[in-house]
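A.B. asks: Any chance you can model this:
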Amino acid sequence: MDSRPTPSPKIFTSLEGLEWLAWLMDRAFTIPGTRYKVGLDALIGLFPVGGDILAGMIQVAIVLAAVLYFRVPKAVAARMAANVLLDVGLGTIPLVGDGFDAVFKANSKNVKLLTEVQEQRAHHRPVATLGSWLFLGGLAFVLIGALILILFGFVFAVALILKKFVLPAA
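C.D. replies: All right, here's what the predicted structure looks like:
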């Protein structure tokens, strides 16, 4: 999937069109002096906030095409949406987010998921969703864990402030 796909006039209604869009957004340019490829997602993401939102809108369009035109199962659609949320959410963090955008390649991941669904359907096999459910469960576990740690940190910080400034020892 590293070679340049042929663009299709039906970008959002053909697998070839979505593959071309994913290539353009994730792997269209080689970083000089390396073999590493980045796309418009990483370049657009360099513009603060607005760049990540614009790239996210293109990512959402790919997910919507997968849901509305290709009718992917709900678990796969949720995993695709989670990929977009991770990419856009972490992409908004200055510097770290730019590196994450260059590495994560949500568009390519989502088109790969769609391709797997289409291959399974072409062979008249049920679409495997266990991997998507496990991914979503793991992501939920990490997010809930992070929220609990943030809550404990907040309570600890408030307790320290109260002890130091509001309720000084007599």
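A.B. asks: ok now stretch 68-78, how far from the chain's centre?
C.D. replies: The chain centroid and the centroid of stretch 68-78 are separated by 16 Å under CA atoms, centre = their mean, to the nearest Å.
A.B. asks: Which residues outside that stretch are in contact with it?
C.D. replies: By CB atoms under 8 Å, 6 or more residues apart in numbering, the residues outside stretch 68-78 that reach it are 12-13, 15, 63, 66-67, 80, 113-114, 117-118, 127, 129, 132-133, 136. No exception for glycine: its C-beta is placed from N, CA and C like everyone else's.
A.B. asks: Mind doing that once more with 10 Å?
C.D. replies: Outside stretch 68-78, the residues that touch it by CB atoms under 10 Å, 6 or more residues apart in numbering are 10, 12-15, 18, 63-67, 79-80, 110, 113-114, 116-118, 121, 126-136, 139.
A.B. asks: Pop the domain breakdown of this protein in here.
C.D. replies: 1-127, 129-170 (automatic domain parsing).
A.B. asks: hey, which of these is tucked in deepest?
C.D. replies: Highest mean neighbour count among the domains of the chain (mean count of other CB atoms under 10 Å): domain 1-127, with a mean of 17.
A.B. asks: quick one: residue 128 and residue 117 touch, right?
C.D. replies: Yes - judged on CB atoms under 10 Å, residue 128 makes contact with residue 117 at a distance of 8.6 Å.
A.B. asks: Strands of the protein, residue ranges please.
C.D. replies: Ranges of strands in the chain, per DSSP state E, are 29-30, 37-38.
A.B. asks: For residue 167, find the nearest of these.
C.D. replies: Nearest to residue 167 among those is strand 37-38; the distance by CB to CB comes to 53.2 Å.
A.B. asks: where does this structure dip in pLDDT?
C.D. replies: By pLDDT under 70, the low-scoring segments of the chain are 1-2, 6-9, 168-170.
A.B. asks: In it, spot the helix with the most residues.
C.D. replies: Ordering each helix of the chain by length in residues (DSSP state H) puts helix 130-161 first.
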